[in-house]
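[1] Generate a structure from the sequence data that follows.
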Amino acid sequence: MTDTAKVAKNPETEFKKGVEFLESMEYKNAEDYFKNAYNINPDKPKYLSYYGLSIALAGGNPRVGIELCNRAINMDCMNSDFYLNLGKIYALTKHRKEAIMTLKHGLSLNKDNTNIIKELDRIGLRAKSVLPFLSRNNYLNIHLGRVKSFLERL
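    Presented below is the predicted three-dimensional model:
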């Protein structure tokens with residue numbers, strides 16, 4: 001644990017400090033504060049989810065982060081932010097398909113979650129092939145896709 005994180009009696013204070021460090025991309029400090037919040041109140045799924053995300057972002061074992069995020073989702077499956085955190089870990093570990101599926105599920109719970117929309121944009125969604133019965137690399141799909149994209153911009 002770094003010097004910046006000291007165990008407090010209020011888990012919400014610890015959580016808020018963790019969010020501040022997360023937003024300033026100081027992931028190790030964020031991990032310490034989220035861990036404190038979780039240790040004080042292990043029954044609160046948001047502490048578990050953010051602790052899992054911070055572990056992965058701080059360079060820890062992403063499998064542990066995925067497991068913690070999944071546990072949080074099992075505790076509260078209607079919180080779209082938990083799917084965002086899990087999706088970020090999947091994206092970080094180059095599991096693009098799982099990331100997109102997880103983020104889309106989170107978005108289905110809360111269509112107004114702008115953080116999920118931003119993360120999907122960052123990952124980059126590909127449009128469906130114009131001719132789905134042909135491979136994506138097929139000459140016709142490539143060129144028809146370019147024409148379709150051009151026409152959509154008009």
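[2] mind giving me the domain ranges of the chain?
    11-123, 127-154 (automatic domain parsing).
[3] For the longest one, the averaged confidence score.
    Taken as a whole, domain 11-123 carries a mean pLDDT of 97.
[4] Now render the domains of the chain as TSV, adding mean neighbour count.
    Every residue, glycine included, has its C-beta placed from N, CA and C. Listed next are the domains of the chain as TSV, based on neighbours: other C-beta atoms under 10 Å:
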stretch	mean neighbour count
domain 11-123	19
domain 127-154	11
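[5] contacting residues around stretch 103-119?
    M78, N79, S80, D81, F82, Y83, L84, G87, K88, A91, L120, I123 (C-beta atoms under 8 Å, 6 or more residues apart in numbering).
[6] what about E31, distance to V130?
    Per C-beta to C-beta, to the nearest Å, E31 is found 45 Å from V130.
[7] Kindly report the same for Y83.
    30 Å.
[8] Provide a list of residues in contact with L140.
    Taking C-beta under 8 Å, 6+ apart as the test, what L140 contacts is V130, L131, L134.
[9] check contacts around M78.
    So M78 contacts L109 (C-beta under 8 Å, 6+ apart).
[10] what do you get for the one 4 residues further on?
    Applying C-beta under 8 Å, 6+ apart to F82 gives the contacts P45, K46, S49, C69, A72, I73, D76, G106.
[11] With that, I have no additional questions.
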